[in-house]
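Trainee: Here is the input, now give the coordinates:
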Amino acid sequence: MILFYSMKEISLDSEVFTRGVEDIVTPDELKSLLEKKTPLRVKLGIDATAQDLHIGHAVNLWKIRAMQEAGHKAVIVLGEFTTRIGDPTGKSATRPALVSGVIKKNISALRKQIEGILLTSPKVYEVRKNSEWFGKMKLQDFLRLASLVTHGRLIERDMFQQRIKEGKEIIISEMLYPILQGYDSVMIQSDLTIIGSDQLFNEHVGRFFQEKMGQRPQVIVTHKLLPGLSGGEKMSKSLGNYIGFKDSPKDKFGKAMRILDSLIIPYLEAYTNVPIAEIDHIKEDIKAGKNPMEAKMMFAEALVARYHGANIAAQEKKEFQKVFSQGNIPDKMPEISLRHGSWGILDLLVASRLAPSKSEARRLLDHGAVEIEGSTLKGTHKEVSIEKGTIIRVGKRRFIRIK
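Mentor: Okay, the predicted model is just below:
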C-alpha cells in the first residue's frame with residue numbers, strides 16, 4: 001500500500017497509454033498535461049445498472065490505479081441520476097427503468113468492488129454522484145445546456161442509426177444521455193478520462209461542453225473492447241460471457257480456461273500484468289504451432305493472481321490440473337444437506353443447485369455431463385439413491401458432496 005503520493009514520472013509511452021489502447025484524443029494534449037507534472041483529475045463514470053463489475057470494466061480501473069500511483073487523482077462519477085435513463089451505447093432496445101432503492105443498493109455494491117482496485121486515500125481518490133448537480137438543475141438550465149447540441153449531432157450515433165434502420169424506437173431521454181454524461185466532465189473539471197471505445201461519442205460531448213464553458217477540454221484515452229468468453233459480443237452479465245469481480249478464484253480460473261484460443265493473446269494484454277515482451281514470446285509460440293493450452297493456463301493463473309494473490313492462483317492451477325487433466329476428484333468441494341434415500345434425477349439436480357431448472361437438467365443428462373459416485377447417468381426418469389458422502393459431479397469441475 002502506497003502511503004505517500006509524489007508526482008512520479010509517467011509519460012506518453014507508458015503502458016497506461018499504450019497497452020490495449022485504441023485511441024488518444026489527442027496525444028499532443030496528453031503529452032503537454034504530463035509534462036506539467038501537476039496532479040490530473042482522471043474521470044471514470046459508472047452507471048449503477050447492476051451490482052457486479054467484470055474484468056472488462058477493470059481495464060479502466062487498473063489504468064487509473066497506475067495514474068494514482070503516479071500522484072494523480074481518480075474521480076469516480078457514479079451515475080445515480082443517469083442510471084434512471086440508461087446509456088444506449090451498444091443497446092438495440094431501451095433499458096428498463098430502475099427504481100431509486102435498487103440504484104442505491106447497486107451503487108453501494110459497485111463502490112466496494114471499485115475500492116478493491118483503486119487506492120482510497122483522499123489525496124488520490126474522489127467519489128461523486130451526478131445527482132449532486134442534475135438533481136438540483138432547473139429545467140431552464142438544462143434546456144440552455146441542451147440547446148448547445150444539435151439533433152443532427154446526437155442522431156449520428158451508430159446505435160441510433162442501427163435502430164432507425166431496424167425500425168426500432170429511440171426514446172428522447174436516450175438521445176439526451178450524451179449531454180448528461182458530457183456535462184459530468186464539466187462539473188468535476190476532468191483533465192483525462194480513460195474509457196472503453198464505445199464511450200468515445202459521449203466523452204467528445206464532454207470536451208465540447210468544457211470548451212464552451214471556458215475549461216481546458218479533457219483528454220480521452222480509449223481502450224479496445226474485446227469479445228466475451230465465447231467470442232462475439234463484449235462481456236455482459238445478461239449474456240453470461242464474462243468473468244466477474246465477485247467470482248471465486250476457482251470460477252475465475254475455470255472460466256479463463258474456457259476462452260477461445262484466439263482470445264488468449266488479447267486477454268493476456270488487457271486483463272493481466274504479464275509483461276508485453278513475454279506475451280510476444282507466447283504469441284510466436286502459438287504461431288509456430290505450440291499447443292495453446294499452456295498459454296491459456298498462464299492467462300488463468302495471472303488473472304487469478306491479480307485479484308487474489310499468487311499463492312491462491314498457484315493452488316487453483318494445481319487443482320485444475322488435478323481435476324481436469326488427471327480426472328481426479330478434488331480434496332475440497334461444496335457440501336449440501338439433502339434428504340437421504342431415493343430421488344428422481346431431475347429433482348435431485350435442481351434441489352442440489354447443480355441445474356437451475358429441469359430443462360437444463362435434461363440437457364446435462366443428454367450430454368452425459370452428470371455423474372454420481374463416478375457413474376455417468378443418462379435418462380430423465382432414472383431414480384437414484386443418495387446418502388451421506390455421496391458425490392455428484394456435473395461437467396469437468398463442478399462437484400458437491402451430500403451431508
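Trainee: residues contacting the most centrally placed residue in the chain?
Mentor: Among the residues of the chain, the one closest to the centroid is His54, at 2.6 Å (CA atoms, centre = their mean). Shown here is His54, whose contacts under the criterion CB atoms under 8 Å, 6 or more residues apart in numbering are 235, 237, 242-245. C-beta: built from backbone N, CA, C; applies to glycine.
Trainee: Serialize these to CSV and add fields for pLDDT.
Mentor: Listed next are these as CSV, based on pLDDT from 0 to 100:
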residue, pLDDT
Met235, 82
Lys237, 67
Tyr242, 87
Ile243, 91
Gly244, 90
Phe245, 91
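Trainee: Give me the number of neighbouring residues for Gly289.
Mentor: Gly289 is flanked by 7 other residues according to other CB atoms under 10 Å.
Trainee: nope, Ser357 is what I meant
Mentor: Counted by other CB under 10 Å, the residues lying close to Ser357 total 11.
Trainee: OK, contacts around it?
Mentor: Ser357 neighbours (CB under 8 Å, 6+ apart): Val350.
Trainee: Kindly state the pLDDT recorded for it?
Mentor: Looking at Ser357, its pLDDT reads 82.
Trainee: still on that earlier bit, closest one of the contacts of His54 to Ala58?
Mentor: Phe245 (7.1 Å; CB to CB).
Trainee: Could you check how many residues crowd around the closest one?
Mentor: Neighbours around Phe245, by other CB under 10 Å: 21.
Trainee: so it touches Gly56, yeah?
Mentor: No. Counting by CB atoms under 8 Å, Phe245 stays clear of Gly56, with 10.6 Å between them.
Trainee: Kindly write the ChimeraX command that selects the buried subset of the contacts of His54.
Mentor: Applying 16 or more other CB atoms under 10 Å to the contacts of His54, the buried members can be selected in ChimeraX as follows:
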select :235,242,243,244,245
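Trainee: Now secondary structure and distance to Leu148 too, for the contacts of His54, in TSV please.
Mentor: Below are the contacts of His54 laid out as TSV (DSSP: H, G, I helix; E, B strand; the rest coil; distance: CB to CB, whole Å):
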residue	secondary structure	distance to Leu148
Met235	coil	34
Lys237	coil	35
Tyr242	coil	37
Ile243	coil	40
Gly244	strand	39
Phe245	coil	37
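Trainee: so how far does stretch 160-179 reach from one end to the other?
Mentor: One end of stretch 160-179 sits 15 Å from the other (CA to CA, to the nearest Å).
Trainee: same thing with stretch 136-153?
Mentor: For stretch 136-153, the end-to-end distance is 27 Å (CA to CA).
Trainee: Give the buried residues for that stretch.
Mentor: 145, 149.
Trainee: Tell me where the stretch 251-400 of the chain is predicted with low confidence.
Mentor: 324-332, 374, 379-381, 396-397 (pLDDT under 70).
Trainee: just the strands in it please.
Mentor: Assigned by DSSP state E, counting those that start in this stretch, the stretch 251-400 of the chain shows strands spanning 335-336, 341-344, 370-372, 375-376, 383-386, 391-394, 398-402.
Trainee: Centre of the chain to the last one, how far?
Mentor: The chain centroid and the centroid of strand 398-402 are separated by 29 Å, computed with CA atoms, centre = their mean, to the nearest Å.
Trainee: The fifth one too?
Mentor: Averaged C-alpha coordinates place strand 383-386 at 41 Å from its chain's average position (CA atoms, centre = their mean).
Trainee: what's next to it, contact-wise?
Mentor: With CB under 8 Å, 6+ apart, strand 383-386 has contacts from 338, 340-345, 348, 372, 377, 392, 402.
Trainee: Check the fourth one too.
Mentor: The set of residues external to strand 375-376 that reach it, using CB under 8 Å, 6+ apart, is 368, 370.
Trainee: again with the third one
Mentor: Judged by CB under 8 Å, 6+ apart, the contacts made with strand 370-372 from elsewhere in the structure are 345, 349, 354, 364, 376-377, 384, 386, 390-394.
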